[in-house]
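> Turn this into a model:
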Amino acid sequence: MLPMKLSDRARVALAFLLLASAPAIAADYVQAPGSSLVFASNYQGETFTGRFGSFATTTNFDPKQLAASRLDVVIQLAGTKTGNGDRDETLSTADFFNVAKFAQARYTASKFRALGGNQYAADGTLTLRGVSKPVTLTFTWTPGAQPVLSGKATVKRLDFGVGGGEWADTATLPNDVAISTKVVFKPR
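Predicted coordinates:
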């Protein structure tokens, strides 16, 4: 039997069928300007907020392909600011972030859950001061040319050795630290 020659039209149709049957791939994004990552706590009853030195986020997220989605956030701890010089200096010491030994923290997630509407949960792992623990980030996903992830999490600082020793008293400094983020993305 002689091999069959495909017409140009048949080749285009075959290529379309092959592409249409390929599995969907989640969109690949990197952090764009306009993003923020902040934390809030209180000291002796006075609430304060802070911003990390810098952070970089990448994601491969598609609400229709949660099983294939990924999130990676690298947080530079040096340069963390709370608006109080003494507190900022203390945060960099061995009692808190120990920036000399652990320059960065990292949050990674590969398990996502739909919570309804445009609400999701990322069940991930935070590595801070060499300790890795599970942390859930709940977030909204606003699609578009530059999608936006707006999320919140609670981190138990003592689980990571942040504020140990004399700072371990949760009546002075609570164990729960509120984290909030707004990440604007652009395609990679």
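
> what bits of this structure have low per-residue confidence?
1-26 (pLDDT under 70).

> same thing but at 80, please
1-27 (pLDDT under 80).

> where do the strands sit along it?
27-31, 36-43, 46-51, 54-61, 70-76, 104-116, 119-128, 131-142, 148-156, 176-187 (DSSP state E).

> Please produce CSV containing those, extended by mean neighbour count.
The C-beta positions use only the backbone N, C-alpha and C, and glycine is treated the same way. Formatted as CSV, these follow (neighbours: other CB atoms under 10 Å):
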stretch, mean neighbour count
strand 27-31, 17
strand 36-43, 16
strand 46-51, 13
strand 54-61, 19
strand 70-76, 18
strand 104-116, 16
strand 119-128, 19
strand 131-142, 16
strand 148-156, 18
strand 176-187, 17
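
> Can you redo the ones you listed as TSV, where the extra columns are distance to G165?
Listed next are the strands of the chain as TSV, based on distance: least, CB to CB, whole Å:
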stretch	distance to G165
strand 27-31	35
strand 36-43	15
strand 46-51	20
strand 54-61	27
strand 70-76	23
strand 104-116	20
strand 119-128	17
strand 131-142	16
strand 148-156	17
strand 176-187	17
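
> center of the protein - which residue?
V73 (4.5 Å; CA atoms, centre = their mean).

> hey, what's that one bridged with?
T57, Y107 (DSSP bridges).

> quick one on the thing from earlier: among the strands of the chain, which comes closest to D169?
Closest to D169 of those is strand 36-43 (CB to CB; 11.0 Å).

> Summarise which helices and strands that closest one is packed against.
Secondary-structure packing of strand 36-43 (3 or more CB pairs under 8 Å, 6 or more residues apart in numbering; DSSP states H and E): strand 46-51, strand 176-187.

> Go ahead and produce CSV holding the CA coordinates of it.
Output in CSV follows, covering the C-alpha atoms of strand 36-43 (Å, rounded to 0.1, in the frame of the first residue of the first chain):
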residue,chain,number,x,y,z
SER,A,36,2.7,43.6,48.5
LEU,A,37,3.4,41.2,51.3
VAL,A,38,2.7,42.4,54.9
PHE,A,39,2.3,41.1,58.4
ALA,A,40,0.5,42.3,61.5
SER,A,41,0.9,41.5,65.2
ASN,A,42,0.9,43.4,68.4
TYR,A,43,3.3,44.1,71.2
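
> orientation of it relative to strand 27-31 in degrees?
60 degrees (axes from the mean of the first three to the mean of the last three CA atoms, to 10 degrees).

> For L91, find the nearest of the strands of the chain.
strand 46-51 (7.5 Å).

> from the chain's centre, how far out does the closest one sit?
Distance of strand 46-51 from the chain centroid (CA atoms, centre = their mean, to the nearest Å) equals 20 Å.

> Could you do stretch 148-168 as well?
15 Å.

> Please enumerate residues in contact with that stretch?
39, 41, 57, 59, 61, 95-97, 122, 126, 128-129, 131, 133, 135-142, 170, 173, 175-185 (CB atoms under 8 Å, 6 or more residues apart in numbering).
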